[in-house]
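Chemist: what follows is a protein structure lacking sequence information:
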């Protein structure tokens with residue numbers, strides 16, 4: 001009997017040793033708070049949508065999607081499934097609302113002249129002083145900039161090895177000509193068979209931020225925030241070449257986008273949520289499958305950012321058996337700061353052509 005008891009005791013101790021006495025791993029962090037916030041944002045969006053307040057509804061859907069995006073990496077199991085469902089609901093409604101805003105008919109223009117507000121006869125002394133200070137500062141800045149340009153021009157004139165003695169009847173070059181080097185071109189360019197071209201790489205309106213890469217024109221500080229540079233059809237695929245310019249100092253991250261291909265009746269016949277948008281760099285337009293055959297990755301929410309005073313080139317690809325029917329296109333891109341840009345493009349009845357404005361920007365063959 002004692003032997004059996006000792007055997008049972010040894011087995012019990014051995015089981016305790018094998019199973020260990022440590023505490024179980026902590027359970028995963030609950031995402032209940034984040035799920036609740038996302039659900040409240042979706043409910044608010046539905047409420048605004050029911051009241052036809054589409055801009056407010058769009059903002060709530062975007063807020064819900066941001067909450068879900070932050071919570072998904074830490075979620076597991078059923079919580080992850082709920083977050084994925086809410087993300088899909090928010091994404092679908094964002095696309096629908098963006099589409100509604102782009103395709104809505106323009107509001108009728110009110111022909112009634114606006115009422116002229118009464119101009120106050122007197123100005124607040126503090127406001128008057130502020131305006132006077134601003135005007136004085138602007139004048140000082142302009143004078144300083146002019147003096148700086150004059151000094152730079154004189155330094156260029158003295159240091160330039162191409163400066164030659166002028167003839168008595170040759171006009172004195174201006175400070176701007178000395179600064180840009182055009183005066184040297186007048187003297188030496190003619191001796192080589194004509195004036196040499198200056199400012200190579202410059203775009204429309206000044207020095208190019210990005211050089212022209214047809215069909216994309218050069219990006220300058222005069223470029224529009226968004227333009228559709230070209231639309232072309234390749235079999236059952238239709239491509240839109242988009243160029244974005246951030247004319248602000250702060251960087252902007254792309255959150256949503258929509259590209260619409262329309263027929264001759266101005267009806268969009270390719271669902272915008274099926275249009276893939278790729279960075280132009282690395283895009284291959286000679287592969288059989290222009291969507292699935294790309295090495296570059298298509299845009300996702302927040303995957304692309306445009307730094308201040310810089311540009312971005314994109315290519316949108318839609319697929320349809322009616323691709324040859326496309327006659328116009330529209331595009332809208334929204335950023336994380338709540339701003340958005342819109343552009344349209346239309347082609348002739350006999351086929352797509354770049355309109356006169358864009359054609360002037362393209363280099364001559």
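Modeler: Received it, and whenever you're ready, just let me know what you need. Every value quoted in this text rests on a predicted model; they were computed, and no experiment measured them.

Chemist: sort out which residues of the helix or strand where residue 238 lies are buried, please.
Modeler: Here residue 238, judged by DSSP states H and E, is contained in strand 237-246. Buried residues in strand 237-246, defined by neighbour count with 16 or more other CB atoms under 10 Å: 237, 238, 239, 240, 241, 242, 243, 244, 245, 246. C-beta coordinates here come from the backbone N, C-alpha and C atoms, glycine included.

Chemist: parallel or antiparallel, list what pairs with that strand.
Modeler: Using DSSP bridges, the strands paired with strand 237-246 in its sheet are strand 226-234 (antiparallel), strand 310-319 (antiparallel).

Chemist: mean confidence score for whichever helix or strand comes after it?
Modeler: Downstream of strand 237-246, the next assigned helix or strand under DSSP H and E is strand 252-262. Average pLDDT, strand 252-262: 95.

Chemist: ditto for stretch 277-297
Modeler: 94.

Chemist: who touches that stretch?
Modeler: Stretch 277-297 has contacts (CB atoms under 8 Å, 6 or more residues apart in numbering) with 213, 216, 234, 237, 239, 241-242, 257, 259, 276, 298-299, 303-304, 312-317, 319.

Chemist: can you select the buried ones among the residues you listed for me in ChimeraX?
Modeler: Buried members of the contacts of stretch 277-297, defined by 16+ other CB under 10 Å, are picked up in ChimeraX with:
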select :216,237,239,241,242,257,259,276,298,299,304,312,313,314,315,316,317,319
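
Chemist: list the residues that contact residue 272.
Modeler: The contact partners of residue 272, taken as CB under 8 Å, 6+ apart, are 95, 98, 99, 258, 259, 260.

Chemist: for residue 67, grab the count of nearby residues.
Modeler: Neighbourhood size, residue 67 [other CB atoms under 10 Å]: 25.

Chemist: and it, which of the three is it?
Modeler: helix (DSSP: H, G, I helix; E, B strand; the rest coil).

Chemist: and the strands in the protein, which stretches?
Modeler: Under the criterion DSSP state E, the chain carries strands at the ranges 202-203, 206-207, 226-234, 237-246, 252-262, 276-279, 305-306, 310-319, 328-335, 340-346.

Chemist: residue 82 is nearest to which of those strands?
Modeler: Checking these against residue 82 by CB to CB gives strand 252-262 as the closest, at 22.2 Å.

Chemist: quick one: buried residues of the closest one?
Modeler: For strand 252-262, the neighbour count (16+ other CB under 10 Å) marks 252, 254, 255, 256, 257, 258, 259, 260, 261, 262 as buried.

Chemist: now, the most widely separated pair of these?
Modeler: 252 and 262 (27.0 Å).
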